[in-house]
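**Student:** Generate a structure from the sequence data that follows.
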Amino acid sequence: MLQEICQVFYPQQNMNFNQAYNYILSLNNLPRKEYMSDPRHCGWYLLRLQFFLNLIGNPERKIPHYIHVTGTSGKGSVTAYLHSILQASGKTVGSTYSPHPTIITERWKVGKHYMTKKEFADIVEYLKPKLDEYIAKTPYDMLSFFEVTEAIGLLFFVRKKVSWAVMEVACGGRTDSSNIIPWKDAAIITNIGVDHIGVLGRNKAEIAYEKAGIIKRGAPVFTMEKDEKMLEIIRKECKKNSAKLYLSHPTPYALRPTTDIGHMAYDVGKMKFSYQNENYSIPCLGAHQIRNAILCIEIAQHLGISRQSIKKGLSRVQQPLRMEVVSKNPLIILDGAHNPDKMRTTVDTLHHFITSSLHHSDTRRNVNLLVGFSGDKNVAKMIKQLVSLKPKTIAVTRNTTNPFRKVADPQSTSKQFKKLLPKTKIKIFLDPKTALAWSKKQTKKDEILLVTGSIFVSGELRPQFKVKKK
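**Tutor:** Residues are numbered from 1 along each chain as shown. This next block holds a predicted model:
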(Lines give C-alpha, C1' and ligand atoms only; values in the text may rest on other atoms or scores of the structure.)
Protein backbone atom coordinates (compact mmCIF):
# COMPACT_ATOMS: atom_id res chain seq x y z
CA MET A 1 0.00 0.00 0.00
CA LEU A 2 2.81 2.40 0.95
CA GLN A 3 4.58 1.58 -2.32
CA GLU A 4 1.44 2.43 -4.31
CA ILE A 5 1.04 5.75 -2.47
CA CYS A 6 4.69 6.61 -3.15
CA GLN A 7 4.22 5.88 -6.84
CA VAL A 8 1.28 8.32 -6.95
CA PHE A 9 2.99 11.19 -5.14
CA TYR A 10 6.58 10.39 -6.13
CA PRO A 11 6.40 8.79 -9.60
CA GLN A 12 9.55 7.26 -11.08
CA GLN A 13 11.63 9.80 -12.96
CA ASN A 14 12.89 7.41 -15.65
CA MET A 15 12.43 9.07 -19.03
CA ASN A 16 11.32 7.13 -22.04
CA PHE A 17 12.74 7.79 -25.51
CA ASN A 18 10.03 10.19 -26.67
CA GLN A 19 10.28 12.26 -23.49
CA ALA A 20 14.06 12.42 -23.83
CA TYR A 21 13.93 13.36 -27.51
CA ASN A 22 11.29 16.03 -26.97
CA TYR A 23 13.33 17.48 -24.11
CA ILE A 24 16.39 17.82 -26.35
CA LEU A 25 14.28 19.43 -29.08
CA SER A 26 12.70 21.80 -26.54
CA LEU A 27 16.09 23.37 -25.81
CA ASN A 28 15.81 25.11 -29.17
CA ASN A 29 13.28 27.60 -27.82
CA LEU A 30 16.02 29.22 -25.70
CA PRO A 31 17.91 32.23 -27.13
CA ARG A 32 21.50 31.59 -28.19
CA LYS A 33 24.13 32.39 -30.76
CA GLU A 34 23.55 29.96 -33.60
CA TYR A 35 26.37 28.19 -35.43
CA MET A 36 24.51 28.09 -38.75
CA SER A 37 23.99 31.87 -38.55
CA ASP A 38 27.68 32.62 -38.06
CA PRO A 39 30.03 29.63 -37.90
CA ARG A 40 33.06 31.65 -38.94
CA HIS A 41 35.41 33.41 -36.55
CA CYS A 42 33.39 32.48 -33.49
CA GLY A 43 35.12 30.50 -30.75
CA TRP A 44 32.05 31.02 -28.56
CA TYR A 45 30.53 27.69 -29.58
CA LEU A 46 33.48 25.57 -28.51
CA LEU A 47 33.92 27.58 -25.30
CA ARG A 48 30.37 26.95 -24.16
CA LEU A 49 30.57 23.25 -25.07
CA GLN A 50 33.86 22.92 -23.20
CA PHE A 51 32.30 24.58 -20.16
CA PHE A 52 29.55 21.94 -20.21
CA LEU A 53 31.96 19.04 -20.74
CA ASN A 54 33.92 20.26 -17.70
CA LEU A 55 30.72 19.98 -15.64
CA ILE A 56 30.11 16.37 -16.70
CA GLY A 57 33.63 15.10 -16.04
CA ASN A 58 35.32 15.71 -19.40
CA PRO A 59 34.34 12.55 -21.28
CA GLU A 60 36.28 13.83 -24.30
CA ARG A 61 39.52 13.25 -22.37
CA LYS A 62 38.70 9.62 -21.55
CA ILE A 63 38.88 8.35 -25.14
CA PRO A 64 42.47 7.45 -26.13
CA HIS A 65 42.25 7.75 -29.93
CA TYR A 66 40.35 10.00 -32.32
CA ILE A 67 40.04 10.28 -36.09
CA HIS A 68 38.34 13.47 -37.28
CA VAL A 69 36.65 13.63 -40.70
CA THR A 70 35.46 16.67 -42.66
CA GLY A 71 34.90 17.51 -46.33
CA THR A 72 32.16 18.59 -48.68
CA SER A 73 31.46 15.07 -49.97
CA GLY A 74 32.40 11.61 -48.75
CA LYS A 75 32.92 12.32 -45.07
CA GLY A 76 30.05 10.07 -43.97
CA SER A 77 31.32 7.24 -46.16
CA VAL A 78 34.90 7.64 -44.93
CA THR A 79 33.67 7.64 -41.33
CA ALA A 80 31.76 4.39 -41.93
CA TYR A 81 34.69 2.74 -43.73
CA LEU A 82 37.18 3.62 -40.99
CA HIS A 83 34.77 2.46 -38.29
CA SER A 84 34.42 -0.92 -40.00
CA ILE A 85 38.18 -1.27 -40.59
CA LEU A 86 39.03 -0.43 -36.98
CA GLN A 87 36.39 -2.86 -35.75
CA ALA A 88 37.74 -5.61 -38.00
CA SER A 89 41.19 -5.02 -36.51
CA GLY A 90 39.85 -5.86 -33.05
CA LYS A 91 39.48 -2.34 -31.66
CA THR A 92 36.47 -1.10 -29.70
CA VAL A 93 35.36 1.73 -31.95
CA GLY A 94 32.64 4.35 -31.85
CA SER A 95 31.62 6.78 -34.57
CA THR A 96 29.35 9.78 -35.02
CA TYR A 97 27.18 10.67 -38.02
CA SER A 98 25.39 13.88 -38.93
CA PRO A 99 22.65 14.12 -39.86
CA HIS A 100 21.07 10.84 -38.77
CA PRO A 101 19.34 8.80 -41.51
CA THR A 102 16.05 8.13 -39.74
CA ILE A 103 16.17 8.40 -35.94
CA ILE A 104 18.42 10.42 -33.65
CA THR A 105 19.99 7.30 -32.12
CA GLU A 106 21.65 6.63 -35.51
CA ARG A 107 24.02 9.51 -34.81
CA TRP A 108 26.15 7.25 -32.61
CA LYS A 109 27.46 3.77 -33.26
CA VAL A 110 29.68 1.43 -31.24
CA GLY A 111 30.81 -1.79 -32.90
CA LYS A 112 27.94 -3.12 -35.02
CA HIS A 113 25.18 -1.34 -33.14
CA TYR A 114 23.71 2.14 -33.01
CA MET A 115 22.73 3.64 -29.67
CA THR A 116 19.48 2.14 -28.38
CA LYS A 117 16.46 4.21 -27.41
CA LYS A 118 16.96 3.22 -23.78
CA GLU A 119 20.62 4.26 -23.83
CA PHE A 120 19.61 7.59 -25.31
CA ALA A 121 16.92 8.17 -22.67
CA ASP A 122 19.29 7.19 -19.85
CA ILE A 123 21.96 9.64 -21.01
CA VAL A 124 19.48 12.50 -21.48
CA GLU A 125 18.05 11.84 -18.01
CA TYR A 126 21.59 12.03 -16.60
CA LEU A 127 22.22 15.29 -18.46
CA LYS A 128 19.01 17.09 -17.42
CA PRO A 129 20.26 18.29 -13.99
CA LYS A 130 23.68 18.96 -15.52
CA LEU A 131 22.06 21.29 -18.04
CA ASP A 132 20.31 23.09 -15.16
CA GLU A 133 23.69 23.48 -13.49
CA TYR A 134 25.19 24.71 -16.76
CA ILE A 135 22.58 27.43 -17.31
CA ALA A 136 23.00 28.60 -13.70
CA LYS A 137 26.81 28.81 -13.84
CA THR A 138 27.84 29.43 -17.43
CA PRO A 139 29.16 32.79 -18.63
CA TYR A 140 27.89 31.76 -22.09
CA ASP A 141 24.44 31.21 -23.55
CA MET A 142 22.55 27.93 -24.05
CA LEU A 143 24.09 25.00 -25.90
CA SER A 144 22.85 24.27 -29.40
CA PHE A 145 21.19 21.02 -30.46
CA PHE A 146 24.43 19.89 -32.13
CA GLU A 147 26.53 20.70 -29.06
CA VAL A 148 24.21 18.68 -26.83
CA THR A 149 24.33 15.74 -29.25
CA GLU A 150 28.14 15.90 -29.22
CA ALA A 151 28.12 15.64 -25.43
CA ILE A 152 25.66 12.73 -25.63
CA GLY A 153 27.94 10.89 -28.04
CA LEU A 154 31.07 11.39 -25.97
CA LEU A 155 29.31 10.14 -22.83
CA PHE A 156 27.99 7.14 -24.77
CA PHE A 157 31.47 6.26 -26.02
CA VAL A 158 32.95 6.50 -22.52
CA ARG A 159 30.19 4.29 -21.10
CA LYS A 160 30.92 1.75 -23.85
CA LYS A 161 34.68 2.03 -23.15
CA VAL A 162 35.66 2.72 -26.75
CA SER A 163 39.35 3.04 -27.50
CA TRP A 164 38.86 4.71 -30.90
CA ALA A 165 36.29 7.31 -31.94
CA VAL A 166 35.77 8.36 -35.57
CA MET A 167 34.08 11.76 -35.49
CA GLU A 168 32.24 13.16 -38.50
CA VAL A 169 32.03 16.94 -38.70
CA ALA A 170 28.47 18.23 -38.97
CA CYS A 171 29.32 21.43 -40.86
CA GLY A 172 32.67 23.10 -41.56
CA GLY A 173 35.25 22.14 -39.00
CA ARG A 174 37.04 24.96 -37.22
CA THR A 175 34.24 25.79 -34.78
CA ASP A 176 32.06 22.72 -35.38
CA SER A 177 31.20 21.06 -32.07
CA SER A 178 33.12 17.90 -33.03
CA ASN A 179 36.34 19.96 -32.97
CA ILE A 180 36.15 19.93 -29.19
CA ILE A 181 38.11 16.66 -29.15
CA PRO A 182 41.51 17.26 -27.53
CA TRP A 183 43.78 15.12 -29.72
CA LYS A 184 43.72 13.26 -33.02
CA ASP A 185 45.48 10.30 -34.57
CA ALA A 186 44.45 11.65 -37.96
CA ALA A 187 42.58 14.61 -39.44
CA ILE A 188 40.87 13.95 -42.76
CA ILE A 189 39.62 16.51 -45.30
CA THR A 190 38.01 14.50 -48.07
CA ASN A 191 37.62 17.43 -50.47
CA ILE A 192 36.53 21.07 -50.74
CA GLY A 193 33.30 21.91 -52.55
CA VAL A 194 30.83 24.78 -52.59
CA ASP A 195 28.14 23.39 -50.29
CA HIS A 196 27.11 25.85 -47.55
CA ILE A 197 28.19 28.94 -49.50
CA GLY A 198 27.06 31.90 -47.41
CA VAL A 199 27.20 29.82 -44.22
CA LEU A 200 30.79 28.59 -44.09
CA GLY A 201 32.11 31.26 -46.41
CA ARG A 202 31.59 33.33 -49.51
CA ASN A 203 33.80 31.13 -51.72
CA LYS A 204 35.74 27.86 -51.79
CA ALA A 205 38.82 29.43 -50.21
CA GLU A 206 36.88 30.53 -47.12
CA ILE A 207 35.22 27.12 -46.91
CA ALA A 208 38.64 25.46 -47.14
CA TYR A 209 39.89 27.62 -44.27
CA GLU A 210 36.98 26.48 -42.07
CA LYS A 211 37.50 22.81 -42.91
CA ALA A 212 41.25 23.06 -42.36
CA GLY A 213 40.46 24.15 -38.82
CA ILE A 214 40.25 20.50 -37.74
CA ILE A 215 44.04 20.21 -38.16
CA LYS A 216 45.68 19.92 -34.75
CA ARG A 217 49.29 19.97 -33.64
CA GLY A 218 51.24 16.93 -34.79
CA ALA A 219 48.22 15.06 -36.19
CA PRO A 220 48.77 13.65 -39.71
CA VAL A 221 46.40 15.10 -42.31
CA PHE A 222 44.93 13.15 -45.24
CA THR A 223 43.05 14.62 -48.20
CA MET A 224 41.81 13.74 -51.68
CA GLU A 225 41.64 17.43 -52.67
CA LYS A 226 43.51 18.24 -55.90
CA ASP A 227 42.93 21.99 -56.35
CA GLU A 228 46.30 23.66 -55.68
CA LYS A 229 44.66 26.79 -54.27
CA MET A 230 42.74 24.71 -51.73
CA LEU A 231 45.80 22.59 -50.97
CA GLU A 232 47.81 25.73 -50.23
CA ILE A 233 45.28 26.70 -47.54
CA ILE A 234 45.52 23.21 -46.06
CA ARG A 235 49.33 23.26 -46.23
CA LYS A 236 49.42 26.61 -44.42
CA GLU A 237 47.34 25.17 -41.56
CA CYS A 238 49.55 22.06 -41.47
CA LYS A 239 52.69 24.18 -41.23
CA LYS A 240 51.20 26.23 -38.38
CA ASN A 241 50.45 23.01 -36.47
CA SER A 242 53.57 21.00 -37.41
CA ALA A 243 51.29 18.44 -39.06
CA LYS A 244 52.36 16.25 -41.99
CA LEU A 245 50.10 16.28 -45.05
CA TYR A 246 49.41 13.12 -47.06
CA LEU A 247 47.82 13.50 -50.49
CA SER A 248 45.60 10.62 -51.57
CA HIS A 249 45.75 10.75 -55.34
CA PRO A 250 45.23 7.06 -56.11
CA THR A 251 47.34 5.22 -58.62
CA PRO A 252 45.09 3.48 -61.17
CA TYR A 253 42.78 0.82 -59.78
CA ALA A 254 41.04 -1.90 -61.76
CA LEU A 255 37.45 -3.07 -61.49
CA ARG A 256 37.20 -6.84 -61.08
CA PRO A 257 34.46 -9.21 -62.28
CA THR A 258 31.38 -9.13 -60.07
CA THR A 259 29.09 -11.41 -62.11
CA ASP A 260 29.29 -14.89 -63.58
CA ILE A 261 29.42 -13.29 -67.01
CA GLY A 262 32.65 -11.62 -66.00
CA HIS A 263 31.61 -8.12 -66.91
CA MET A 264 34.12 -5.65 -65.52
CA ALA A 265 31.60 -3.33 -63.92
CA TYR A 266 28.86 -3.11 -61.32
CA ASP A 267 26.93 -5.81 -59.57
CA VAL A 268 23.77 -4.77 -57.76
CA GLY A 269 24.97 -3.22 -54.51
CA LYS A 270 28.59 -4.38 -54.71
CA MET A 271 31.90 -3.36 -56.27
CA LYS A 272 35.18 -5.26 -56.49
CA PHE A 273 38.47 -3.64 -57.39
CA SER A 274 42.22 -4.18 -57.35
CA TYR A 275 44.55 -1.58 -55.89
CA GLN A 276 48.31 -1.89 -55.45
CA ASN A 277 48.16 -5.61 -56.24
CA GLU A 278 45.50 -6.30 -53.61
CA ASN A 279 41.87 -7.24 -54.19
CA TYR A 280 39.06 -5.47 -52.31
CA SER A 281 35.28 -5.63 -52.19
CA ILE A 282 32.86 -2.96 -50.97
CA PRO A 283 29.06 -3.31 -50.66
CA CYS A 284 28.55 0.08 -52.30
CA LEU A 285 27.96 1.57 -55.74
CA GLY A 286 30.01 4.21 -57.53
CA ALA A 287 33.55 5.01 -58.57
CA HIS A 288 33.56 7.75 -55.92
CA GLN A 289 33.09 5.06 -53.27
CA ILE A 290 36.20 3.27 -54.54
CA ARG A 291 38.12 6.53 -54.16
CA ASN A 292 36.76 6.90 -50.61
CA ALA A 293 37.79 3.32 -49.88
CA ILE A 294 41.31 3.89 -51.20
CA LEU A 295 41.69 6.95 -48.97
CA CYS A 296 40.72 4.76 -46.00
CA ILE A 297 43.13 2.02 -47.09
CA GLU A 298 45.97 4.55 -47.01
CA ILE A 299 44.91 5.94 -43.61
CA ALA A 300 44.58 2.44 -42.14
CA GLN A 301 48.01 1.46 -43.45
CA HIS A 302 49.46 4.59 -41.83
CA LEU A 303 47.85 3.50 -38.54
CA GLY A 304 49.49 0.09 -38.82
CA ILE A 305 46.35 -1.93 -39.50
CA SER A 306 46.88 -5.20 -41.35
CA ARG A 307 45.76 -5.69 -44.95
CA GLN A 308 43.55 -8.58 -43.86
CA SER A 309 41.68 -6.35 -41.40
CA ILE A 310 41.36 -3.58 -44.01
CA LYS A 311 39.84 -6.01 -46.54
CA LYS A 312 37.52 -7.50 -43.94
CA GLY A 313 36.40 -4.10 -42.72
CA LEU A 314 35.71 -2.72 -46.18
CA SER A 315 33.68 -5.79 -47.19
CA ARG A 316 31.42 -5.43 -44.14
CA VAL A 317 30.81 -1.69 -44.11
CA GLN A 318 27.26 -0.43 -43.67
CA GLN A 319 26.34 2.63 -45.73
CA PRO A 320 22.77 3.83 -45.21
CA LEU A 321 21.46 6.13 -47.94
CA ARG A 322 24.60 6.16 -50.07
CA MET A 323 23.18 4.60 -53.25
CA GLU A 324 21.76 1.97 -50.90
CA VAL A 325 20.00 -0.90 -52.68
CA VAL A 326 16.90 -1.80 -50.65
CA SER A 327 15.12 -3.86 -53.34
CA LYS A 328 16.36 -5.71 -56.41
CA ASN A 329 13.13 -6.40 -58.33
CA PRO A 330 12.40 -3.65 -59.01
CA LEU A 331 15.75 -2.05 -58.24
CA ILE A 332 15.04 0.58 -55.58
CA ILE A 333 17.93 2.79 -54.47
CA LEU A 334 17.83 5.16 -51.49
CA ASP A 335 20.32 7.98 -51.81
CA GLY A 336 21.14 11.05 -49.74
CA ALA A 337 22.71 13.32 -52.38
CA HIS A 338 21.78 16.87 -51.38
CA ASN A 339 24.18 19.14 -53.25
CA PRO A 340 25.45 19.30 -56.85
CA ASP A 341 28.78 17.60 -56.03
CA LYS A 342 27.02 14.62 -54.45
CA MET A 343 24.30 14.55 -57.09
CA ARG A 344 26.90 14.42 -59.85
CA THR A 345 28.34 11.19 -58.40
CA THR A 346 24.84 9.75 -57.96
CA VAL A 347 23.87 10.48 -61.55
CA ASP A 348 27.23 9.29 -62.91
CA THR A 349 26.93 6.06 -60.92
CA LEU A 350 23.45 5.35 -62.25
CA HIS A 351 24.46 6.19 -65.83
CA HIS A 352 27.39 3.77 -65.48
CA PHE A 353 25.15 1.09 -64.01
CA ILE A 354 22.62 1.41 -66.86
CA THR A 355 25.36 1.37 -69.50
CA SER A 356 26.99 -1.66 -67.90
CA SER A 357 23.70 -3.57 -67.68
CA LEU A 358 23.24 -3.36 -71.45
CA HIS A 359 26.21 -5.73 -71.91
CA HIS A 360 24.75 -8.64 -69.92
CA SER A 361 21.45 -10.15 -68.89
CA ASP A 362 20.44 -7.23 -66.62
CA THR A 363 18.63 -4.80 -68.94
CA ARG A 364 17.37 -2.16 -66.51
CA ARG A 365 17.09 1.07 -68.46
CA ASN A 366 14.03 3.03 -67.37
CA VAL A 367 14.50 5.25 -64.32
CA ASN A 368 11.76 6.57 -62.06
CA LEU A 369 12.53 9.34 -59.59
CA LEU A 370 11.25 10.24 -56.14
CA VAL A 371 12.81 13.52 -55.09
CA GLY A 372 12.67 16.04 -52.27
CA PHE A 373 15.17 18.83 -51.63
CA SER A 374 16.14 21.08 -48.75
CA GLY A 375 15.41 24.77 -49.28
CA ASP A 376 18.98 26.04 -48.86
CA LYS A 377 20.50 23.96 -51.68
CA ASN A 378 21.16 24.60 -55.37
CA VAL A 379 18.02 22.76 -56.45
CA ALA A 380 18.05 24.02 -60.05
CA LYS A 381 21.48 22.54 -60.71
CA MET A 382 20.54 19.18 -59.18
CA ILE A 383 17.37 19.05 -61.27
CA LYS A 384 19.41 19.58 -64.45
CA GLN A 385 21.70 16.72 -63.39
CA LEU A 386 18.75 14.38 -62.73
CA VAL A 387 17.09 15.26 -66.04
CA SER A 388 20.01 13.59 -67.84
CA LEU A 389 18.65 10.25 -66.55
CA LYS A 390 15.55 10.81 -68.73
CA PRO A 391 13.18 9.61 -66.00
CA LYS A 392 9.91 7.94 -66.94
CA THR A 393 8.08 9.32 -63.88
CA ILE A 394 8.91 11.79 -61.11
CA ALA A 395 7.30 12.04 -57.66
CA VAL A 396 8.10 15.35 -55.95
CA THR A 397 7.81 15.47 -52.15
CA ARG A 398 9.43 16.80 -48.97
CA ASN A 399 10.63 15.50 -45.60
CA THR A 400 8.15 15.68 -42.73
CA THR A 401 10.45 14.71 -39.86
CA ASN A 402 13.18 17.36 -39.59
CA PRO A 403 11.96 20.49 -37.78
CA PHE A 404 15.26 22.32 -38.37
CA ARG A 405 15.40 22.10 -42.15
CA LYS A 406 13.28 24.21 -44.49
CA VAL A 407 12.31 22.27 -47.61
CA ALA A 408 12.33 23.33 -51.23
CA ASP A 409 8.84 24.20 -52.47
CA PRO A 410 7.46 21.06 -54.20
CA GLN A 411 5.43 23.25 -56.59
CA SER A 412 8.53 25.11 -57.74
CA THR A 413 10.49 21.85 -58.03
CA SER A 414 7.73 20.29 -60.11
CA LYS A 415 7.59 23.32 -62.46
CA GLN A 416 11.35 23.18 -63.02
CA PHE A 417 11.16 19.49 -63.93
CA LYS A 418 8.16 20.08 -66.23
CA LYS A 419 9.97 22.85 -68.07
CA LEU A 420 12.85 20.49 -68.88
CA LEU A 421 10.76 17.31 -69.27
CA PRO A 422 7.35 18.41 -70.62
CA LYS A 423 6.28 14.87 -71.55
CA THR A 424 7.28 13.17 -68.30
CA LYS A 425 4.63 12.09 -65.79
CA ILE A 426 5.19 14.27 -62.69
CA LYS A 427 3.13 14.36 -59.49
CA ILE A 428 3.43 16.26 -56.19
CA PHE A 429 2.93 14.58 -52.80
CA LEU A 430 3.20 16.31 -49.43
CA ASP A 431 3.57 12.93 -47.71
CA PRO A 432 6.72 11.05 -48.82
CA LYS A 433 5.14 7.68 -47.97
CA THR A 434 2.30 8.40 -50.40
CA ALA A 435 4.91 9.43 -52.97
CA LEU A 436 6.71 6.13 -52.46
CA ALA A 437 3.51 4.09 -52.87
CA TRP A 438 2.74 5.91 -56.14
CA SER A 439 6.30 5.56 -57.45
CA LYS A 440 6.39 1.84 -56.71
CA LYS A 441 3.21 1.39 -58.74
CA GLN A 442 4.84 3.22 -61.67
CA THR A 443 8.03 1.16 -61.49
CA LYS A 444 8.04 -2.16 -63.32
CA LYS A 445 10.12 -5.10 -62.10
CA ASP A 446 12.81 -4.48 -64.71
CA GLU A 447 13.07 -0.74 -63.95
CA ILE A 448 14.84 1.47 -61.41
CA LEU A 449 13.41 3.72 -58.73
CA LEU A 450 15.88 6.27 -57.38
CA VAL A 451 14.99 8.18 -54.21
CA THR A 452 17.30 11.18 -53.82
CA GLY A 453 17.68 14.91 -53.19
CA SER A 454 17.72 14.87 -49.39
CA ILE A 455 19.02 12.50 -46.74
CA PHE A 456 15.94 13.40 -44.72
CA VAL A 457 13.49 12.22 -47.40
CA SER A 458 15.39 8.97 -48.03
CA GLY A 459 15.86 8.47 -44.30
CA GLU A 460 12.17 8.94 -43.64
CA LEU A 461 11.36 6.26 -46.21
CA ARG A 462 14.06 3.76 -45.21
CA PRO A 463 11.93 2.08 -42.48
CA GLN A 464 9.46 1.11 -45.24
CA PHE A 465 11.99 -1.50 -46.40
CA LYS A 466 13.46 -4.53 -44.67
CA VAL A 467 17.14 -3.59 -44.75
CA LYS A 468 19.48 -6.46 -43.94
CA LYS A 469 22.27 -5.77 -41.46
CA LYS A 470 25.70 -6.98 -42.48
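**Student:** Let me see the contact set for the closest residue in space to residue 189 that isn't next to it in sequence.
**Tutor:** The spatially closest residue to residue 189, leaving aside those adjacent along the chain, is residue 223, at 4.4 Å (C-beta to C-beta, 6 or more residues apart in numbering). Yep, even glycine has a C-beta here, placed from its N, CA and C like the rest. Going by C-beta atoms under 8 Å, 6 or more residues apart in numbering, residue 223 touches 71, 188-191, 231, 234, 245-248.
**Student:** and if we set it to 7 Å?
**Tutor:** When contacts are counted by C-beta atoms under 7 Å, 6 or more residues apart in numbering, residue 223 touches 189, 234, 247-248.
**Student:** just residue 20 next, same as before
**Tutor:** 120-121, 124-125.
**Student:** Okay, buried residues for the strand or helix carrying it please.
**Tutor:** Mapping residue 20 onto the secondary structure by DSSP states H and E places it in helix 17-26. The neighbour-count check on helix 17-26 (16 or more other C-beta atoms under 10 Å) flags 17, 20-21, 23-24 as buried.
**Student:** average pLDDT for the helix or strand following it?
**Tutor:** Once the chain leaves helix 17-26, the next helix or strand it forms, by DSSP H and E, is helix 44-55. Averaging pLDDT along helix 44-55 yields 95.
**Student:** and what of stretch 88-97?
**Tutor:** The average of the pLDDT scores along stretch 88-97 is 98.
**Student:** now the longest helix along the chain, how far from the centre of its chain.
**Tutor:** Taking residue count as the measure and DSSP state H as the definition, the longest helix of the chain comes out as helix 117-137. A distance of 26 Å separates the C-alpha centroid of helix 117-137 from that of its chain, computed with C-alpha atoms, centre = their mean, to the nearest Å.
**Student:** And the helix or strand following that helix, what's buried?
**Tutor:** Toward the C-terminal end, the helix or strand that comes next after helix 117-137 (DSSP H and E) is helix 145-159. Along helix 145-159, the positions that meet the burial threshold by neighbour count (16+ other C-beta under 10 Å) are 145-158.
**Student:** Reformat the residues you listed as TSV; add pLDDT and distance to residue 338.
**Tutor:** Putting the buried residues of helix 145-159 into TSV (pLDDT from 0 to 100; distance: C-beta to C-beta, whole Å) gives the following:
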residue	pLDDT	distance to residue 338
145	91	19
146	92	17
147	95	23
148	97	23
149	96	19
150	97	22
151	98	26
152	98	24
153	98	22
154	98	27
155	98	29
156	98	26
157	98	27
158	98	32
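**Student:** Could you save these as a markdown table and add columns showing distance to residue 28?
**Tutor:** Supplementary listing: those in a markdown table, determined by distance: C-beta to C-beta, whole Å:
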| residue | distance to residue 28 |
| --- | --- |
| 145 | 6 |
| 146 | 11 |
| 147 | 12 |
| 148 | 10 |
| 149 | 12 |
| 150 | 15 |
| 151 | 16 |
| 152 | 15 |
| 153 | 18 |
| 154 | 21 |
| 155 | 20 |
| 156 | 21 |
| 157 | 24 |
| 158 | 26 |
